[in-house]
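In: Build the 3D model from these lines:
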Amino acid sequence: MQNYMWLASIFGPFLLILGIWGLFYRDNMDKVCASVKAHPAFLYILAIFNLWFGLVIITFNNYWFWDRTLFVTVLGWALAVRGVICLFAPQLMLKHKGNKTTCHTVKSTVFLVWGFILCWIAFLMQ
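Out: Below you'll find the predicted structure:
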């Protein structure tokens, strides 16, 4: 049952850093998204990584209890589902509706909050 702390200690800082980067470097995030749209092969590589990370998390921590393990489990399933969607329906991932800046800000904020929660679980809840 301690696998969730190990996974949270890896993915917490990762998501926290991605969230901070996305909030402070929106222009770079726009360039990365434009590059992925211009070269769809990148989307398949991202799909494989998302699917792989999601399946690793699900394999080590697939506990659906109302406690701190739920944050890690939901992350694993979200990554796995995102990977499957990217592989089988890439047009859904390439299609952005609404304002890009708002979309990137929301994504970055979710990453930041989720990363903070996972860091809190991994490093502050002993």
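In: CA atoms for contacts and neighbours, from now on please.
Out: Fine.
In: and the helix or strand of the chain with the lowest mean pLDDT, which residues are buried?
Out: One helix or strand of the chain scores below all others by mean pLDDT, DSSP states H and E: helix 90-94, with a mean of 80. By 16 or more other CA atoms under 10 Å, the buried positions in helix 90-94 come out as 90, 94.
In: Likewise for stretch 73-88?
Out: Quick answer for stretch 73-88 (16+ other CA under 10 Å): 73-77, 79-87.
In: What is the nearest of the residues you listed to residue 11?
Out: residue 75 (9.1 Å; CA to CA).
In: Pretty sure that closest one sits against residue 54.
Out: Yes. Here residue 75 reaches residue 54: they are 7.3 Å apart, a contact under CA atoms under 8 Å.
In: Now list whatever residues contact both of these two.
Out: Common contacts of residue 75 and residue 54 (CA atoms under 8 Å, 6 or more residues apart in numbering): none found.
In: what sits against residue 123?
Out: residue 9.
In: Please read the previous query as pertaining to residue 108.
Out: By CA under 8 Å, 6+ apart, the contact set of residue 108 is 18, 19, 20, 21, 22, 23.
In: Which of the residues you listed are buried, as a ChimeraX select command?
Out: This is the ChimeraX syntax for the buried subset of the contacts of residue 108, where burial follows 16+ other CA under 10 Å:
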select :18,19,22,23
